[in-house]
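>>> sequence unavailable; structure follows:
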């Protein structure tokens, strides 16, 4: 005879930090759409390119000398897992974009390896996003996006592009790798915006 | 179907037969006998020869020669979406009765 308790479902629904359709994990699953790029720190470069083509770049030494934050945030993957209290070190997008002249409303993040994802610029400002290079007090490993990845914890984690190479500021929106293949253009986990029709 | 290149930092992939299930389900035909021509290097290979990264929000098939993406398959709540922009040609044998 099956015994059904209130335990499992009840606890998930009652957790106010868990968006709809998500379960909590203490692991850190690795999701990857291709081979893991290996980028030497000597060759690594981060670029911000404006809509007029103006380009700002940082070498690894220049980037890691910028003022850094240590955010502790919950992250939510569209494949239904959420991980609470992840600890990162990274440079705020407010810092990276402070001296950039732009009228852009959209950003496309470009990764080493060719991945792209699109995010409204306003979702990257005001302390909402970082370019992270440490996780849990250690350098970010390649499997999790090292040397540096985008971190936008209020959106599904596919928006937090691994192996970040460039941020392209645009006047118009250009859907990225998953957004052109059926995933939601914005990806708010609290509104469960997984797919285009959600 | 097996995972073939698991290393400390390597993303695991499986062979192209992993595409047969979700594609066959909606297309009603056995696609393991199909051939794809990669738009990147223009090489034609059986679908089964593609490298499929399946630990992702969808399935991502890459050419084993040049690593370009040849196909993406996403299953939403009620649809299967197949992005073939990385393929020049999908070649299928005519079914024999």
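Received, thanks. Just so you know, these numbers come straight off a predicted model, no measurement behind them.
>>> using the three-state scheme, assign residue A:61.
Going by DSSP: H, G, I helix; E, B strand; the rest coil, the secondary structure assigned to residue A:61 is helix.
>>> count the residues that sit near it.
By other Cβ atoms under 10 Å in any protein chain shown, the residues close to residue A:61 number 10. C-beta here means a position set from N, CA and C on the backbone, and glycine is covered the same way.
>>> list of residues touching the longest strand out of those in chain B?
Looking across chain B with DSSP state E, the single longest strand is strand B:69-75. Residues from elsewhere that reach strand B:69-75 (Cβ atoms under 8 Å, 6 or more residues apart in numbering or on different chains): A:33-34, A:114, A:177-178, A:181-183, A:195, B:19, B:22-23, B:36, B:38-40, B:50, B:57-63, B:80-84, B:86-87.
>>> what lines up beside it in the sheet?
Here strand B:69-75 is paired, per DSSP bridges, with strand B:59-62 (antiparallel), strand B:80-83 (antiparallel).
>>> how about these in TSV, adding mean pLDDT and mean neighbour count?
TSV is the format used below for the strands paired with strand B:69-75 (pLDDT from 0 to 100; neighbours: other Cβ atoms under 10 Å in any protein chain shown):
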stretch	mean pLDDT	mean neighbour count
strand B:59-62	96	26
strand B:80-83	92	18
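>>> what about stretch A:128-145, near chain B?
Yes - judged by Cβ under 8 Å from any Cβ of the partner chain, stretch A:128-145 and chain B are in contact via A:141, A:142, A:143.
>>> and what about residue B:22, helix, strand or coil?
Of the three states, residue B:22 takes helix under three-state DSSP.
>>> where does pLDDT dip in chain B?
Where chain B drops to pLDDT under 70, the residues are B:1-10, B:97.
>>> just to revisit the earlier point, list only those of the contacts of strand B:69-75 flagged as buried.
Listed as buried from those are A:33-34, A:177-178, A:181-183, A:195, B:19, B:22-23, B:36, B:38-40, B:50, B:57-63, B:81-83, B:86-87; burial here means 16 or more other Cβ atoms under 10 Å in any protein chain shown.
>>> look up how far residue A:77 lies from the residue positioned nearest the centre of chain A.
Most central in chain A under Cα atoms, centre = their mean is residue A:160, positioned 1.3 Å from the mean C-alpha point. Between residue A:160 and residue A:77 the distance is 10 Å, computed by Cβ to Cβ, to the nearest Å.
>>> distance of the residue nearest to residue B:13 when sequence neighbours are not counted from residue B:91?
If the residues on either side of it in the chain are set aside, residue B:13 comes closest to residue B:51, at 4.3 Å by Cβ to Cβ, 6 or more residues apart in numbering or on different chains. For residue B:51, the distance to residue B:91 equals 19 Å [Cβ to Cβ].
>>> higher neighbour count, the two?
The neighbour count for residue B:51 versus residue B:91, taken as other Cβ under 10 Å, is higher for residue B:51 (22 against 13).
>>> wait, that one sits on residue B:12?
No - taking Cβ atoms under 8 Å as the definition, residue B:51 is not a contact partner of residue B:12, at 9.9 Å.
>>> those residues of chain B touching chain A, which are they?
B:8-11, B:53, B:55-58, B:60, B:62, B:67, B:69, B:72, B:74, B:76-77, B:79, B:81, B:83.
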